[in-house]
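Trainee: Sequence first, predicted coordinates after that:
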Number of protein chains: 2
Amino acid sequence: MNMKRPRRPLTLRDVSEASGVSEMTVSRVLRNRGDVSAATREKVLTAARTLGYVPNKIAGGLASQRVNLVAVVIPSLSNMVFPDVLGGISAELDDTGLQPVVGVTNYSPSREDAVLYDMLSWRPSGVILAGLEHSRAARAMLDNAGLPVVEIMDVDGEPIDTAVGISHRRAGAEMADEILAAGYRRIGFIGTHMPEDHRARKRLAGFEERLGEHGLQLAAREYYQGGSSLHKGRELTERILTREPDLDFLYFSNDMIGAGGLLWCMEKGYDIPGRLGLAGFNGVELLDGLPMRLTTTDARRIDIGRRAARIVAGKEPRPESGIIALAPTIMPGETIRKH
Amino acid sequence: MNMKRPRRPLTLRDVSEASGVSEMTVSRVLRNRGDVSAATREKVLTAARTLGYVPNKIAGGLASQRVNLVAVVIPSLSNMVFPDVLGGISAELDDTGLQPVVGVTNYSPSREDAVLYDMLSWRPSGVILAGLEHSRAARAMLDNAGLPVVEIMDVDGEPIDTAVGISHRRAGAEMADEILAAGYRRIGFIGTHMPEDHRARKRLAGFEERLGEHGLQLAAREYYQGGSSLHKGRELTERILTREPDLDFLYFSNDMIGAGGLLWCMEKGYDIPGRLGLAGFNGVELLDGLPMRLTTTDARRIDIGRRAARIVAGKEPRPESGIIALAPTIMPGETIRKH
DNA sequence: GCGGGACACGATAACGGTAACATGATTGCG
DNA sequence: CGCAATCATGTTACCGTTATCGTGTCCCGC
């Protein structure tokens, strides 16, 4: 089609010359803004199309002082947590002209600072970031930036601007209630050893606190490093049950290792949920196909993404308190006995 | 710390005034470019820090005509394929100052055009996109943009600029070889019905072609719509085996449904791999913890990401042919009998 | 003691758009 | 039929940074 390789990049000027109108008019046509007659609109559009012109948002953003990006800063991609949250965000952003841009911190505060700095240097229209714990530097940056900031996933703490999430303390406590009501008493915990995973920490704290209120405490715990996998779930389950064979319940800090543990226990012929009960956290689709449905807590990931997006997009007002707390809901499954 | 809420956003000028040097010098300090004395460097840095200044890449990009972004355009996030590829890309981009920005097309050509248009409007330094099949418009845009374009995952076709991937035809054919060598003869296929998933299509084509060379053809096939899950794997496996009970092998178009099928078959007490063999595609970590290791093909996702990133970053020259074909490698597992 | 590099920094002009206002042509209405 | 409102387009001045070139100072060797 194009015979010539355009060595000089195309600009509005090229389109304007090709269609015989001013650059301003071309700009208006391309953005559907202001009055332009149907005739010139057509002329401009065909000119732009045949030239293969693509607008320059760098220049546009500078001139208009507006950038249609929303920075989304999250700890990890491999976690099954992420795609759901992002799904909710993009679904809600779709009709707003805003576009999410993702940055990953790997649970490292210094990486978070760096990613945030980088994102803010693009002058986005808003920021969505995971967690309520941020460095002093990060808080300062966000304060200075003067744009909507929504912290997601967690509501146990003091938001910079707005928070949308669940209370992980409550999620832990409610699962403890469930387990205790079913009559389990010798409870073990398996989770990641990540000082920076504040949500997992709070969940466990809420869980233990509730046990305490009933005069109980964890009978055993097992920590692991690095990512979660079925394999690791098996390994740790074997380890904890070898060490403490008379545990009657295992609480896993996420569904992936919970599923691994479940598979291992089934192979070993444990009576589940009679002799041994199991529960995870998250509510991931993966669990749907397992031989037995693992009991878990729905972390409301999609809803969290949606509400956060609605707020940065201005579809929904920031609540007075700055906090939107969704209710974590237990998904019964088959790995806790009925009571 | 900051007592005043700065209503006017900070610019280089603010830092320059606060540190008593010109904006140009501040710019030099912040980018480590050109000669600046240690003394003024220090002055400027502290001024920038205390003000909380964050550079404006919109303005910087316009002035320098350089943007440190690499557009990454892929069909899906939920696929287990994606995080690995992106992991390879960011690992290799990390020390280059380049940053990946991800766009998702949901296997829709028109979405791909839109996403590409959007990405190119940020004038990135390079583009990495999945697949070799693109609309005429997309090819034109990429031709015009005059930047490195690397098409990934697949090498069965004509690249626009450079392609890094595996031959899916070959991957299918080699799995067929493996299955036939083990003596299986009544083979069924389970896969997504997605005309736009060209890689799955080519894999199946290579597979069937090889069967044909041995005078065989697929004894049954089952297609599904939408995303892959363990659950769907179970469902389809049940369906195909009910319909054609004497199949002795099932080839799944990905590991997730393969794993679902495997779990179902094990529950039903099938003798695997004796009576029935199974194989998937991808080589995902998930398989590690299953009761039995599913035979699969490693699609070399991390390597593909790395090589693609190396090329857009200029760490590695574009090959003469424009094609870098990695070898898909079969990961034996336990669901095919030894031969 | 003088010419000429380094060195450290500043002034100026882009970069490619858009906001805001200005302008000429048309239209509607009393 | 005249005047104001409306419509379609153009003009001008930035937006915040960087490339390029220019300027002044210091130091070194002959």
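Mentor: That came through fine. Residues are numbered from 1 along each chain as shown, chains lettered A, B, ... in the order given.
Trainee: residues from chain A in reach of DNA strand C?
Mentor: A:9-13, A:23-24, A:27, A:30-31, A:33, A:55-56, A:59-60, A:62-64, A:66 (CB under 7 Å from any atom of the strand). Bear in mind the C-beta positions are built from the backbone N, C-alpha and C, glycine included.
Trainee: and the closest residue to residue A:142 other than its chain neighbours, how many neighbours?
Mentor: Among residues not flanking residue A:142 along the chain, residue A:149 sits closest, at 5.0 Å (CB to CB, 6 or more residues apart in numbering or on different chains). Per other CB atoms under 10 Å in any protein chain shown, the neighbour tally for residue A:149 reads 23.
Trainee: if we can go back for a sec, which of the residues of chain A next to DNA strand C fall in helices?
Mentor: A:12-13, A:23-24, A:27, A:30-31, A:59-60, A:62-64 (DSSP state H).
Trainee: so where is chain A shaky, pLDDT-wise?
Mentor: Of all residues in chain A, those with pLDDT under 70 make up the ranges A:1-7, A:78-79.
Trainee: one more time with 80
Mentor: Residues of chain A meeting the criterion pLDDT under 80: A:1-8, A:78-81, A:339.
Trainee: longest single helix anywhere in it?
Mentor: Max-length helix for chain A by DSSP H is helix A:198-213.
Trainee: And the next helix or strand past that one?
Mentor: strand A:220-224 (DSSP states H and E).
Trainee: Check what contacts the helix or strand just after that following strand and list those residues.
Mentor: Toward the C-terminus, strand A:220-224 is succeeded by helix A:230-243 as the next helix or strand (DSSP H and E). Residues from elsewhere that reach helix A:230-243, judged by CB atoms under 8 Å, 6 or more residues apart in numbering or on different chains: A:188, A:190, A:220-222, A:224, A:226, A:247, A:250, A:252, A:256-265, B:285-286, B:288-290.
Trainee: what's the spacing between helix A:230-243 and its chain's center?
Mentor: Distance of helix A:230-243 from the chain centroid (CA atoms, centre = their mean, to the nearest Å) equals 28 Å.
Trainee: next SSE after it?
Mentor: Taking DSSP H and E, what comes next after helix A:230-243 is strand A:249-252.
Trainee: Who's the closest spatial neighbour of residue A:43, skipping the chain neighbours?
Mentor: residue A:19 (4.7 Å).
Trainee: do residue A:180 as well
Mentor: Distance criterion CB to CB, 6+ apart; nearest residue to residue A:180, sequence neighbours excluded, is residue A:214 at 5.7 Å.
Trainee: got it, and residue A:28?
Mentor: Nearest one to residue A:28, counting by CB to CB, 6+ apart, is residue A:34 at 4.5 Å.
Trainee: for residue A:288, same thing?
Mentor: Excluding the flanking residues, the one nearest residue A:288 by CB to CB, 6+ apart is residue B:231, at 4.2 Å.
Trainee: any idea how far the one you found is from DNA strand C?
Mentor: Relative to DNA strand C, residue B:231 is positioned 47 Å away (CB to the nearest atom of the strand, to the nearest Å).
Trainee: ditto for residue A:137
Mentor: Taking CB to the nearest atom of the strand, one finds residue A:137 at 26 Å from DNA strand C.
Trainee: go on, residue A:266?
Mentor: Counting by CB to the nearest atom of the strand - residue A:266 and DNA strand C are separated by 60 Å.
Trainee: Could you do residue A:181 as well?
Mentor: 59 Å.
Trainee: what are the phi and psi angles of that residue?
Mentor: Here is the backbone geometry of residue A:181 (degrees, to the nearest 10): phi -60, psi -30.
Trainee: doesn't residue A:339 make contact with it?
Mentor: Yes - contact between residue A:181 and residue A:339 holds when scored by CB atoms under 8 Å: they sit 5.0 Å apart.
Trainee: what's the neighbour count on the nearest residue to residue A:279 once chain neighbours are set aside?
Mentor: Sequence neighbours aside, residue A:295 is the residue nearest to residue A:279 in space, at 4.4 Å (criterion: CB to CB, 6+ apart). Neighbour count of residue A:295, defined by other CB under 10 Å: 26.
Trainee: do residue A:227 as well
Mentor: So residue A:227, with other CB under 10 Å, has 13 neighbours.
Trainee: Helices of chain A, start to end?
Mentor: A:12-19, A:23-31, A:38-51, A:57-64, A:81-93, A:109-120, A:136-145, A:168-181, A:198-213, A:230-243, A:255-267, A:301-312.
Trainee: Would you mind giving those as TSV with distance to residue A:71 and mean neighbour count added?
Mentor: What follows is the helices of chain A, written out as TSV (distance: least, CB to CB, whole Å; neighbours: other CB atoms under 10 Å in any protein chain shown):
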stretch	distance to residue A:71	mean neighbour count
helix A:12-19	28	18
helix A:23-31	23	18
helix A:38-51	30	15
helix A:57-64	14	18
helix A:81-93	11	22
helix A:109-120	4	18
helix A:136-145	10	18
helix A:168-181	24	21
helix A:198-213	20	20
helix A:230-243	32	20
helix A:255-267	27	25
helix A:301-312	9	25
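Trainee: May I see these organised as TSV, with distance to DNA strand D added?
Mentor: Output for those, formatted as TSV (distance: least, CB to the nearest atom of the strand, whole Å):
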stretch	distance to DNA strand D
helix A:12-19	8
helix A:23-31	4
helix A:38-51	4
helix A:57-64	4
helix A:81-93	25
helix A:109-120	11
helix A:136-145	13
helix A:168-181	38
helix A:198-213	33
helix A:230-243	45
helix A:255-267	43
helix A:301-312	21
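Trainee: Quick check: end-to-end length of stretch A:286-300?
Mentor: 16 Å (CA to CA, to the nearest Å).
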